[in-house]
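In: Return a 3D structure for these sequence lines:
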Amino acid sequence: MIRLNKYLAQVGVASRRASDYLISEGHVLVDGQVATVGMKLNGNENVIVDGKPVGKKETKEYFAVYKPIGLVSTASDEFGREKVIDLVKTDKRLYPIGRLDRESEGLMILTNDGDLALKLTHPKYHLEKEYEVTIDKNIEPARLNVGINKIIKSRNNMFWIVMYEGKKRQIREICWEAGYRVRRLARVRIGKLTLGNLEPGQFKRISIKDII
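Out: Numbering: from 1, shown residues only. Predicted structure coming up:
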């Protein structure tokens, strides 16, 4: 027996957490019946997500994407806003590894590999993420309380910070507490993968070895 959310992650539908959301919102059918969170499978069931059958042999895909400002980085959005996953044209169900808030831009990874997403987003993994930040005045790095994270470079009203762990909108809050206002926030690296020459809205295929 296997939990439905784990199964959906294994076949590349979404991470376990995102799968639970899809299940709770009625997007998943098991043998023609609306699935419930926590249910288990014996492996012989017919599983359908949003009208599309899912199976164990789906090819894994990985994309590096430059998320522009204004797009949301969730796999689904109840308000119908444009999502970063809409940028990549594929027949696979993609979802993002990590998030960027709507006002931020930069590097994101989209994949249908649920196991990789779960691994890379787990706090124990400490996948480095580097950000380029522009603020409203010249920076004094000592004023910023960055915790275990690290400012690696600063110049005038810009600084570059490596986040080993972080909460939602943490960089903006760190700046706010120090009396700065963020004018631009862009993620330029995830693990080994850099933004490179991608422009806003562009994407490219990558492999796992490009990330870790």
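In: got a list of what residue 208 touches?
Out: Neighbour list for residue 208: 62, 113, 116 [criterion: CB atoms under 8 Å, 6 or more residues apart in numbering]. From N, CA and C alone the C-beta is placed, and that goes for glycine too.
In: Please convert the buried members of those into ChimeraX selection syntax.
Out: Command for ChimeraX that selects the buried part of these, burial taken from 16 or more other CB atoms under 10 Å:
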select :62,113,116
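In: can I see the domain layout of the protein?
Out: Segmentation of the chain into domains, based on automatic domain parsing, reads 2-53, 62-123+193-210, 128-190.
In: Give the next helix or strand downstream of the helix or strand of the chain with the lowest mean pLDDT.
Out: Every helix and strand of the chain was ranked by mean pLDDT, DSSP states H and E. The lowest is helix 114-121, at a mean of 76. Sequence-wise, the next helix or strand downstream of helix 114-121 (DSSP states H and E) is strand 129-135.
In: Run me through the strand neighbours of that following strand, direction for each.
Out: Counting by DSSP bridges, the strands paired with strand 129-135 are strand 158-163 (antiparallel), strand 182-190 (antiparallel).
In: and the helix or strand following the first one, what does it pack onto?
Out: Right, the one you point to is strand 158-163. In the C-terminal direction, the helix or strand that comes right after strand 158-163 (DSSP H and E) is helix 170-177. On a contact count with 3 or more CB pairs under 8 Å, 6 or more residues apart in numbering; DSSP states H and E, helix 170-177 meets strand 129-135, strand 158-163, strand 182-190.
In: Minimum distance to residue 43: which of the ones you listed has it?
Out: Minimum separation from residue 43 across the helices and strands packed on helix 170-177 (CB to CB) falls at strand 182-190, 34.0 Å.
In: Serialize the contacts of residue 208 to CSV and add fields for distance to residue 182.
Out: Formatted as CSV, the contacts of residue 208 follow (distance: CB to CB, whole Å):
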residue, distance to residue 182
62, 29
113, 32
116, 30
